[in-house]
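In: mind looking at a prediction? Sequence and model below.
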Amino acid sequence: MNYKPVQILSLGMSVPDTVITNDDLTKILDTSDEWISTRTGIKQRHIANGNENSTLFGVNAALDAMKKSGIEGIEVDAIIVASSNPYNIYPSTACVIQDAIGAKNAIAFDITVACTGMIYALEIGRSMIATGKYKNVLLVATDTNSKFLDWTDRGSCVLFGDGAGAILISKAQDGVDDILALNVNANGSMGKFITMNLTGDNCPLVEPATEGCHKITMNGKEVYKFVVQTMPESIMKCLEDAKLEPKDVDYLVPHQANLRIIEGLQNRLEFSDDKVIVNIDKYGNTSAASVPIVLTEGIQSGKIKTPSVAILCAFGAGMAWGSAVVRLREGLK
Ligand code: ACO
């Protein structure tokens, strides 16, 4: 088959206006700015209010990306939404976004891969373009973790924030592929270390109704151990597949889960600070939205210059993890 190359056309993001600082959290938890900052790098996070949800931020991130590349809804052929805590299971968030942006020709579906959702979406989207059947594919990652946190569990609730990011990809007209290499991975045997159950209720004729548990639980230490082993391997494999050395890459754009994990990757790659794009201090861990948010903001702020080559990487519940080496074209917005 004659595979079609992929261009990264534009980026988008949307976060709630409401900001909760570490000091704010001390009003409801036995915690401190000092503990949270030194262990994670997080200073604040954006949190949805009662009228806001992951669909809203997903729509706004999608519109942001579409505006920047001038692609109209009618031109979008597929919408893939990565979300682990969607407002609706059905209709899917992708279908709601399809309607909201007027993408009536697009197929639309959601995927659930927790924090690695955007790397998986990129793999699926680029494979769809590669077949030649789809031209413009809109990838959206959106999570409002705040609505599914146990706000009495100081070990998990301080880590997360809400928001959405989008990446619009298209068949490259010039034949140059912006995805230089990509790998995605999964290890279900580690699943118990980060969970969010949708237990639902029993049929009252069978069992008494139970209280559903829809809260995120996490064994931070086990996740940490797993990630510091697997993430560097994934990145190095990606570089090898792209036939590049770390020195050939301009930026590391990592999932924003913990500053210490990011610094470990930075040391492994021997990257200077200006090559590592970090915004965990402002947003916390926004799950699947984390990578597209930090990428979009990195470009907007001028921290990421184009043209350049970047490593995107993410990990999270599943366990699932993955990396991509991508070309960021001159003028990418
Ligand atoms: N404030 C104050 N103290 C706290 C807090 C808090 N917010 N949270 C925990 N503590 C306490 C604990 O109770 C414990 O106290 P003890 O020693 O008296 O028992 C102490 O601090 C140490 O707790 P640990 O959990 O051992 O802290 P650790 O150093 O492991 O750091 C952390 C915890 C930051 C969560 C770290 O393990 C981590 O970042 N892990 C990786 C998490 C991650 O990357 N997740 C990404 C995936 S998310 C997804 O996919 C949805």
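Out: Perfect, I can see it now.
In: from now on I want contacts and neighbour counts done on CA atoms only, so please keep to that.
Out: Will do.
In: so who does the one residue sitting closest to the centre of the chain touch?
Out: By Cα atoms, centre = their mean, the chain has its centre lying nearest to Ala288, at 2.6 Å. Contacts for Ala288 (Cα atoms under 8 Å, 6 or more residues apart in numbering) come out as 82-84, 113-118, 141-143, 164.
In: do the same with Trp321
Out: Thr116, Val184, Asn185, Ala186, Met231, Ser234, Cys313, Ala314, Phe315.
In: repeat for Lys171
Out: Contacts of Lys171 (Cα under 8 Å, 6+ apart): Lys4, Pro5, Val6, Gln7, Ile129, Ala130, Tyr134, Lys135, Asn136.
In: please repeat the previous calculation with a cut-off of 6 Å.
Out: Pro5, Val6, Gln7, Lys135 (Cα atoms under 6 Å, 6 or more residues apart in numbering).
In: try Phe315
Out: Cys115, Thr116, Trp321.
In: related to what we said a few turns ago, filter the contacts of Ala288 by proximity to the ligand?
Out: Residues of the contacts of Ala288 in contact with the ligand (Cα under 6 Å from any ligand atom): Ala114, Cys115.
In: can I get the contacts of Ala288 in a markdown table including distance to Thr31, secondary structure and neighbour count?
Out: Below are the contacts of Ala288 laid out as a markdown table (distance: Cα to Cα, whole Å; DSSP: H, G, I helix; E, B strand; the rest coil; neighbours: other Cα atoms under 10 Å):
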| residue | distance to Thr31 | secondary structure | neighbour count |
| --- | --- | --- | --- |
| Ala82 | 31 | strand | 34 |
| Ser83 | 29 | coil | 33 |
| Ser84 | 27 | coil | 25 |
| Val113 | 30 | coil | 24 |
| Ala114 | 26 | helix | 27 |
| Cys115 | 25 | helix | 33 |
| Thr116 | 28 | helix | 32 |
| Gly117 | 30 | helix | 34 |
| Met118 | 31 | helix | 34 |
| Ala141 | 30 | strand | 39 |
| Thr142 | 27 | strand | 39 |
| Asp143 | 24 | strand | 33 |
| Ala164 | 27 | strand | 33 |
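In: ok, which stretches of the chain are strands?
Out: 6-14, 19-21, 44-46, 78-82, 107-111, 136-144, 162-171, 179-186, 194-196, 216-218, 251-254, 308-316, 320-328 (DSSP state E).
In: which residues are contacting the fifth one?
Out: Strand 107-111 is contacted by residues Ala78, Ile79, Ile80, Val81, Ala82, Ala94, Cys95 when judged by Cα under 6 Å, 6+ apart.
In: near the ligand, which residues of the stretch 201-333 of the chain are found?
Out: Checking the stretch 201-333 of the chain against the ligand by Cα under 6 Å from any ligand atom, the hits are Gly220, Lys221, Val223, Tyr224, Ala257, Asn258, Ser287, Gly316, Ala317.
In: one more pass at 8 Å, please.
Out: Contact residues, the stretch 201-333 of the chain versus the ligand (Cα under 8 Å from any ligand atom): 216, 218-225, 227, 257-258, 260-261, 285, 287, 315-319.
In: Leu239 and Ser37, how far apart?
Out: 31 Å (Cα to Cα, to the nearest Å).
In: neighbour count winner among the two?
Out: Set side by side, Leu239 and Ser37 show more neighbours around Leu239, with 22 against 16, by other Cα atoms under 10 Å.
In: now that one: closest residue in space, sequence neighbours ignored.
Out: Glu245 (6.3 Å; Cα to Cα, 6 or more residues apart in numbering).
In: would you mind measuring from that neighbour to Val309?
Out: Taken as Cα to Cα, the span from Glu245 to Val309 is 12 Å.
In: show me which of those two is the more surrounded one.
Out: Val309 (21 against 11).
In: pretty sure that one contacts Lys247?
Out: No - under the criterion of Cα atoms under 6 Å, Val309 makes no contact with Lys247, lying 10.6 Å away.
In: what subset of the contacts of Lys171 is buried?
Out: Buried members of these, counted by 16 or more other Cα atoms under 10 Å: Pro5, Val6, Gln7, Lys135.
In: for the second one, give me its contacts.
Out: Under the criterion of Cα under 6 Å, 6+ apart, the neighbours of Val6 are Ser170, Lys171, Ala172, Asp177, Asp178.
In: switch the cut-off to 7 Å
Out: By Cα atoms under 7 Å, 6 or more residues apart in numbering, the residues touching Val6 are Arg126, Ile129, Ile169, Ser170, Lys171, Ala172, Asp177, Asp178, Ile179.
In: likewise for the third one?
Out: If a contact means Cα under 7 Å, 6+ apart, then Gln7 has Ile169, Ser170, Lys171, Ala172, Asp177, Asp178 as its contacts.
In: dump those residues into a markdown table; add pLDDT and distance to Thr26 as well.
Out: Shown next, in a markdown table, are the contacts of Gln7 (pLDDT from 0 to 100; distance: Cα to Cα, whole Å):
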| residue | pLDDT | distance to Thr26 |
| --- | --- | --- |
| Ile169 | 98 | 42 |
| Ser170 | 98 | 46 |
| Lys171 | 98 | 49 |
| Ala172 | 97 | 50 |
| Asp177 | 97 | 48 |
| Asp178 | 98 | 44 |
